[in-house]
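K.L.:
model this:
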Amino acid sequence: MLEDVRRVLRTLFEAGVRAADPAAIVAQPLPERPRGRTVVIGAGKASAAMARAFDAAWDGPLEGLVVTRYGHAAACPRVETVEAAHPTPDEAGFDAARRILDIVAGLGPDDLVVALISGGGSALLTVPAPGLSLADKQEVNRALLRSGADIREMNIIRRHLSAVKGGRLAAAAAPARVISLLISDVPGDDPSAVASGPTVADPSTLEDARAIVRRYDLDLPAAAHASLEDPANETPKPDHPFLARVETRLIATPKLSLDAAAARARSLGLAPLVLGDAIEGEAREVGVVHAGIARYAERCGEPVAAPAVILSGGETTVTVRGDGGKGGRNTEFLLGLALALDRAPGISALAADTDGIDGSEDNAGAFVLPDTLARMRARGVDPAAALVGNDAYSAFAAIDDLLVTGPTLTNVNDFRAILVRP
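P.N.:
Just a heads-up that it's a prediction; the model follows:
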């Protein structure tokens with residue numbers, strides 16, 4: 001029976017991922033062919049798959065370069081793919097970003113730039129602002145990942161410490177026409193937040209960035225503090241003349257994937273309850289809240305009656321408290337959920353990152369079943385201690401309940417499904 005539960009949960013996850021498959025969505029619709037050149041650029045975990053889909057659909061001349069995460073490449077005949085590090089930038093991403101800037105420099109008004117942008121692009125597309133080194137940007141990124149700041153706050157700082165983010169890439173391509181195709185992985189689907197918005201005007205300011213540094217008491221390199229104090233590093237705003245010929249299209253979103261999972265649930269005889277696509281907060285605490293909703297549904301039949309599935313998306317955060325633990329947002333959410341459920345007999349769950357990688361490990365996420373805690377303890381794992389030490393990956397690995405998919409070549413953020421049975 002538990003294998004059936006795992007199969008149902010995985011089926012729902014796969015339905016959500018399919019709804020964001022670049023092969024099905026990138027070419028709908030294609031832009032008009034220009035009189036001049038068509039240049040594809042891009043960054044993100046889905047950028048190579050997006051480039052492959054665009055290449056297959058485009059019947060005119062095509063050239064370009066995209067950068068994606070190691071292991072996320074996809075064969076593309078006319079668009080070069082470079083792999084680089086995520087979540088901390090490396091030299092490969094730095095070199096690829098500078099090459100992309102060189103590619104768009106000197107384009108004219110008859111040329112078309114197609115920018116393929118997806119989650120993860122912020123780390124992959126890295127050219128530091130003047131006065132900063134790549135090592136400075138790497139330290140900034142590590143400080144942000146440790147801080148507990150949400151993705152919106154992280155991206156505000158990243159945009160203001162970059163020579164390519166926050167609309168600067170689109171400005172560099174002027175006067176060419178720029179059409180950006182975005183796969184959103186951010187709560188609320190703000191285009192300026194997807195990969196830190198390299199082709200989108202930035203509504204945030206340097207003062208916003210400085211306020212976030214103060215709020216989290218971020219220990220940044222001296223060059224980063226100096227850069228955030230320099231008015232010359234303000235990002236392009238919506239009225240910037242170099243952004244006049246920029247168009248942005250959201251082609252996949254977390255909501256569309258949750259809708260697809262809900263439709264699949266109905267076909268399986270499950271009543272879906274979608275809590276939302278923009279849920280944020282500390283991962284373990286979000287797990288406790290989801291457990292409360294699931295237990296009430298199990299006991300009282302509200303807000304949904306079993307058999308049912310509770311779906312949600314968004315991006316939680318993990319404040320690192322332990323030393324040496326392994327895991328990502330989704331396994332930490334699930335461990336918090338499991339402890340709060342305390343062996344509720346009719347409730348099981350899956351949580352996973354739709355890109356196939358939860359944090360920096362090899363899993364997309366994991367499963368929680370009614371006997372999860374008992375099996376962990378039987379293997380010598382103290383689940384409460386694992387949560388305190390941010391070591392949820394090891395806890396789920398001990399009972400062979402990690403979900404390992406490999407890279408999915410798309411990314412619409414986290415996916416959570418909680419199955420409630422009578």
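
K.L.:
low pLDDT regions in this protein?
P.N.:
Along the chain, segments meeting pLDDT under 70 span 1-3.

K.L.:
strands of that one, start to end?
P.N.:
Per DSSP state E, the chain carries strands over the ranges 38-43, 63-69, 80-84, 112-118, 177-183, 246-252, 271-279, 308-314, 347-353, 365-368, 402-403, 414-420.

K.L.:
for these, give me JSON lines that also has distance to Arg295.
P.N.:
Bear in mind the C-beta positions are built from the backbone N, C-alpha and C, glycine included. Output for the strands of the chain, formatted as JSON lines (distance: least, Cβ to Cβ, whole Å):
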{"stretch": "strand 38-43", "distance to Arg295": "42"}
{"stretch": "strand 63-69", "distance to Arg295": "37"}
{"stretch": "strand 80-84", "distance to Arg295": "43"}
{"stretch": "strand 112-118", "distance to Arg295": "36"}
{"stretch": "strand 177-183", "distance to Arg295": "34"}
{"stretch": "strand 246-252", "distance to Arg295": "33"}
{"stretch": "strand 271-279", "distance to Arg295": "14"}
{"stretch": "strand 308-314", "distance to Arg295": "11"}
{"stretch": "strand 347-353", "distance to Arg295": "7"}
{"stretch": "strand 365-368", "distance to Arg295": "13"}
{"stretch": "strand 402-403", "distance to Arg295": "23"}
{"stretch": "strand 414-420", "distance to Arg295": "9"}
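
K.L.:
figure out which of these is closest to Gly324.
P.N.:
Nearest to Gly324, of all the strands of the chain, is strand 402-403, at 18.4 Å by Cβ to Cβ.

K.L.:
packing partners of the closest one?
P.N.:
If you count contacts as 3 or more Cβ pairs under 8 Å, 6 or more residues apart in numbering; DSSP states H and E, strand 402-403 packs onto strand 365-368.

K.L.:
what comes into contact with the strand it packs on?
P.N.:
Here strand 365-368 makes contact (Cβ atoms under 8 Å, 6 or more residues apart in numbering) with 6, 9, 328, 330-331, 334, 337-338, 341, 348-353, 358, 392, 396, 401-403, 415.

K.L.:
correct me, but Glu302 touches Ala294?
P.N.:
No: contact criterion Cβ atoms under 8 Å: Glu302 and Ala294 do not qualify, at 11.6 Å.

K.L.:
settle it for me: which of the two has more neighbours?
P.N.:
Ala294 (27 against 10; other Cβ atoms under 10 Å).

K.L.:
check which residues of stretch 279-287 are buried.
P.N.:
Buried residues in stretch 279-287, counted by 16 or more other Cβ atoms under 10 Å: 279-280, 282-284, 286-287.

K.L.:
can you list the domain ranges for the protein.
P.N.:
In terms of domains, the chain is parsed into 2-16+255-420, 31-252 (source: automatic domain parsing).

K.L.:
closest one to Pro22 among the ones you listed?
P.N.:
Comparing the domains of the chain by Cβ to Cβ, domain 31-252 comes nearest, at 4.2 Å.

K.L.:
gap between that closest one and the chain center?
P.N.:
14 Å (Cα atoms, centre = their mean, to the nearest Å).

K.L.:
export the buried residues of stretch 279-287 as JSON lines, with columns for distance to Ser204.
P.N.:
JSON lines is the format used below for the buried residues of stretch 279-287 (distance: Cβ to Cβ, whole Å):
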{"residue": "Ile279", "distance to Ser204": "22"}
{"residue": "Glu280", "distance to Ser204": "17"}
{"residue": "Glu282", "distance to Ser204": "23"}
{"residue": "Ala283", "distance to Ser204": "25"}
{"residue": "Arg284", "distance to Ser204": "28"}
{"residue": "Val286", "distance to Ser204": "25"}
{"residue": "Gly287", "distance to Ser204": "30"}
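
K.L.:
now intersect these with the helices, please.
P.N.:
283-284, 286-287 (DSSP state H).

K.L.:
number of nearby residues for Glu229?
P.N.:
Neighbour count for Glu229, taken as other Cβ under 10 Å: 10.

K.L.:
buried sites along stretch 191-205?
P.N.:
Neighbour counts over stretch 191-205 (16+ other Cβ under 10 Å) mark 191-202, 204 as buried.

K.L.:
now the end-to-end length of it.
P.N.:
16 Å (Cα to Cα, to the nearest Å).

K.L.:
coming back round to it: so can I have JSON lines of the domains of the chain showing distance to Ala24?
P.N.:
Converted to JSON lines, the domains of the chain look like this (distance: least, Cβ to Cβ, whole Å):
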{"stretch": "domain 2-16+255-420", "distance to Ala24": "10"}
{"stretch": "domain 31-252", "distance to Ala24": "8"}
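
K.L.:
indicate which one of the ones you listed is closest to Ala23.
P.N.:
domain 31-252 (4.9 Å).

K.L.:
quick one, helices of the stretch 151-300 of the chain?
P.N.:
Per DSSP state H, counting those that start in this stretch, the stretch 151-300 of the chain carries helices over the ranges 151-160, 168-173, 206-215, 222-229, 254-267, 283-300.
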